[in-house]
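K.L.:
Could you work out the structure for the sequence below:
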Amino acid sequence: MNSSDLKKQACDAIDAMAEKLITASHDIHANPEVAFEEKFAHGLLTDHVEAEGLSVERHACGLETAFISEFGEGDALVGILSEYDALPGIGHACGHNIIATAGLGASMALAKLGAKLPGRVRYLGTPAEERGNGKELMARQGAFDNLDAAMMVHPAGVDLITMPSLAVNEVRVTYTGRSAHASAMPHAGLNALDALVTAYQSIAQLRQHIRSNERIHGIVNEGGLAPNIVPDRAVGTFYVRAPDGLSLADLKQRVKNCFEAGALAAGCEVKIDWAVGDYLEIKDSWEIAARYQQNAENLGRRFYPLDNMPLGSGGSTDMGNVSHRVPSIHPMISCAPPNVVIHNPEFAKWAGSEKGDLAVLDGAKSLAMTAIDVLSDADLRQKAHENFAKTASLSAQAVDAAWHGEGGHGDGDAALGGCGCC
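P.N.:
Numbering: from 1, shown residues only. Down below sits the predicted model:
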């Protein structure tokens, strides 16, 4: 059976399960759960997988709300990803209910092809994209090993072939000094707030000498208890962004120098905690992305030119970390008017609307058809691997530099998780 016939069968299967997919999307939308707490979504999605007669590993990769299901026969292997975490306070204002059910629909439609499926599919439930870098944690447990391609689709106000992206990490700096009476005995104190202010000013000066596509921004979390007490503790949190992982590694070192300068100037101790892993920029597999665009356009989708996107409009996603390991795509699918941006309460409304429902079905169909292209076209796979290999050594360096081992704990109860879609 040729790929056109397989694509039609997959799309017909998605139409047949449309009511189930839309209901699942609405249910996840109505029950928003933040990073690592997506128990409802995890249960709903894995129940659907098992209802199709497939085995699924719940709580995969040591993460309570991750899962993996694999099916099919053959050497070619495609990964399809679902995300399902929400944002604090504003629910599914990033539309992850759409991502979750588009990935579910694509995977289940491919499973229904049975013996006609020209390869294998690994369906992955990936928690904690918004904060926590769940895909990086899963990658370190081998979740994406041996994939010929990984793919997902993200809602937006327009259809895009990819999401413009930056690499990013979050860092918390804690200064410890010595308290004293600010009037009677100022000489006895070591001012932790002075250390943080000095570091903040050093970073402000550093901003004059970084590239136009690099960013550093932060806040003061704690700065003292009373004006007449020399602060013995001060805490700040910063995001550091760069166009790629290697540039980010260099910029992080310069920011670290500013933190240490503040401690030296004020005579304080400093504790610098980076989130456990950087969110890397997306490394697109353009050959596969072009197939996705063609498949989506055949459904009536119209893509907004990347060149027309405003400068600085990119976000960050842990799908970037996957893309530096295997050929990957991260297209955007319209579910809202162009003027409604993600991480906005208005976007959450659209994610549960009829336009959002259409994005679930079109996204599922586009992913399923693109997976069929990859599985059935050896030349496409070879080109994707060859182009990935051209920068594979740089990707490996970026992946190594992105990992902070035992980092990410922050100070006290304030855990660090990085910054996805932000």
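K.L.:
okay, CA-based contacts and neighbour counts for the rest of this
P.N.:
OK.
K.L.:
ok, and residue 382, which helix or strand is that part of?
P.N.:
helix 378-389 (DSSP states H and E).
K.L.:
One more: residue 36?
P.N.:
Applying DSSP H and E, one finds residue 36 in no helix or strand.
K.L.:
Distance-wise, check it relative to residue 126.
P.N.:
10 Å (CA to CA, to the nearest Å).
K.L.:
Check the contact lists of these two and give me the overlap.
P.N.:
Taking CA atoms under 8 Å, 6 or more residues apart in numbering as the contact rule, residue 36 and residue 126 both touch residue 65.
K.L.:
got the buried residues for the helix holding residue 382?
P.N.:
For helix 378-389, a neighbour-count test (16 or more other CA atoms under 10 Å) marks 380, 381, 384, 385, 388 as buried.
K.L.:
again, but for stretch 10-25
P.N.:
Neighbour-count burial for stretch 10-25 [16+ other CA under 10 Å]: 10, 11, 13, 14, 15, 18, 21, 22, 24, 25.
K.L.:
Hmm, residue 106 and the third one touching each other?
P.N.:
Pointing back at residue 13 there. No. Using CA atoms under 8 Å, residue 13 is not in contact with residue 106; the gap is 9.2 Å.
K.L.:
Touching both of those two, which residues are there?
P.N.:
With CA under 8 Å, 6+ apart as the test, residue 13 and residue 106 reach no residue in common.
K.L.:
Next, the residue in the chain sticking out farthest from the centre: secondary structure please.
P.N.:
Within the chain, residue 184 marks the point farthest from the mean C-alpha position, 51.5 Å out by CA atoms, centre = their mean. Of the three states, residue 184 takes coil under DSSP: H, G, I helix; E, B strand; the rest coil.
K.L.:
For residue 339, see how far away it is.
P.N.:
Applying CA to CA to residue 184 and residue 339 gives a distance of 57 Å.
K.L.:
And for residue 126?
P.N.:
From residue 126 over to residue 339 (counting by CA to CA), the distance is 28 Å.
K.L.:
In terms of neighbours, single out the busier of these two.
P.N.:
residue 126 (29 against 10; other CA atoms under 10 Å).
K.L.:
Correct me if wrong: that one contacts residue 133.
P.N.:
No. Counting by CA under 8 Å, residue 126 stays clear of residue 133, with 9.4 Å between them.
K.L.:
Against residue 279, how distant is the nearest residue to residue 153 once chain neighbours are set aside?
P.N.:
Distances taken as CA to CA, 6 or more residues apart in numbering place residue 331 nearest to residue 153, at 5.2 Å, with adjacent residues excluded. In this view, residue 331 and residue 279 are 17 Å apart by CA to CA.
K.L.:
Comparing these two, which shows the higher neighbour count?
P.N.:
residue 279 (38 against 23).
K.L.:
Spell out which residues make up each domain of this protein.
P.N.:
3-165+281-390, 167-277 (automatic domain parsing).
K.L.:
so which of the ones you listed comes closest to residue 401?
P.N.:
Residue 401 lies closest, by CA to CA, to one member of those: domain 167-277, at 6.3 Å.
K.L.:
Any stretches of the stretch 1-150 of the chain with poor pLDDT?
P.N.:
Filtered on pLDDT under 70, the stretch 1-150 of the chain yields no residues whatsoever.
K.L.:
Let me see the ranges of the helices in it.
P.N.:
3-16, 18-30, 39-51, 96-111, 134-139 (DSSP state H, counting those that start in this stretch).
K.L.:
Among these, which comes closest to residue 346?
P.N.:
Comparing the helices of the stretch 1-150 of the chain by CA to CA, helix 18-30 comes nearest, at 13.4 Å.
K.L.:
what's the closest one in contact with?
P.N.:
By CA under 8 Å, 6+ apart, helix 18-30 touches 40-41, 44, 84, 91-92, 97-98, 100-102, 104-105, 351-352, 357, 360-361.
K.L.:
Then stretch 7-17?
P.N.:
Counting by CA under 8 Å, 6+ apart, 105, 106, 109, 110, 112, 113, 361, 364, 365, 368, 369, 372 sit against stretch 7-17.
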